[in-house]
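In: What follows is a predicted structure for the sequence shown.
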Amino acid sequence: MWIAFLAVLIGGLLLVVTGWLGLNGRLPRQHLVGIRTPYALSSDERWAAVHRFGGIYLLLGGVAAVAAAAAVLPFSIAGALPDGFAVAVLLGLAVVVGGTALAAWLLGEAAARRQLGG
């Protein structure tokens, strides 16, 4: 079970880095990492705007995922977590990460559309 928490920890760190780079305008347009919608990928200007507005959600959601996973990881490694609790925490983290991605996409793209049009 601890491997799942480690995976969430690493995934959360990736969200933090992606959000930080997006906020600072240093995330290059590509098809691997970021908010990859047709609107965002249509130009460098749109890509930067979507990530400037959506990056804060990626950053905050990533911090929440990292904090929660780091808090329970040592107990999971030690075998001190009941399976039901561990599954509940993992499901909660899945909701946080999924909600983070959804908020970054919808709110980031909406703000970019208001600023740039389209």
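Out: Received the coordinates, thanks. The structure presented is a predicted model; accordingly, all values stated were derived computationally and were not measured. Residues are numbered from 1 along each chain as shown.
In: what's the burial count for the nearest residue to G12 once chain neighbours are set aside?
Out: Excluding its sequence neighbours, the residue lying closest to G12 (CB to CB, 6 or more residues apart in numbering) is A65, at 3.2 Å. The way it works is simple: take the backbone N, C-alpha and C, and place the C-beta from them, glycine included. Counted with other CB atoms under 10 Å, the neighbours of A65 add up to 25.
In: Now do A65, the pLDDT please.
Out: A65 carries a pLDDT value of 97.
In: okay but it is in contact with I10, surely?
Out: No - taking contacts as CB atoms under 8 Å, A65 lies outside contact range of I10: 9.8 Å.
In: Return the set of buried residues in the one helix or strand the residue nearest to G12 maps to.
Out: Counting by DSSP states H and E, the element that carries A65 is helix 44-77. By neighbour count on 16 or more other CB atoms under 10 Å, the buried set for helix 44-77 is 46-66, 68-69, 72-73, 76.
In: now swap in stretch 108-118 and tell me
Out: Those would be G108, E109, A112, for stretch 108-118 by 16+ other CB under 10 Å.
In: list the contacts for L6?
Out: Shown in contact with L6 (CB atoms under 8 Å, 6 or more residues apart in numbering): A69, L73.
In: State the helix or strand in which it lies.
Out: Counting by DSSP H and E, L6 is part of helix 2-23.
In: Does anything pack onto the helix or strand following the helix holding A65? Which helices or strands?
Out: Sequence order places helix 83-116 as the next helix or strand after helix 44-77, per DSSP H and E. The contact analysis (3 or more CB pairs under 8 Å, 6 or more residues apart in numbering; DSSP states H and E) places helix 83-116 against helix 2-23, helix 38-41, helix 44-77.
In: centre of the chain versus helix 83-116, how much separation?
Out: Here the centre of helix 83-116 is set off from its chain's centre by 7 Å, with CA atoms, centre = their mean, to the nearest Å.
In: now do stretch 35-42
Out: 16 Å.
In: Give me the mean pLDDT for it.
Out: On average, stretch 35-42 scores 96.
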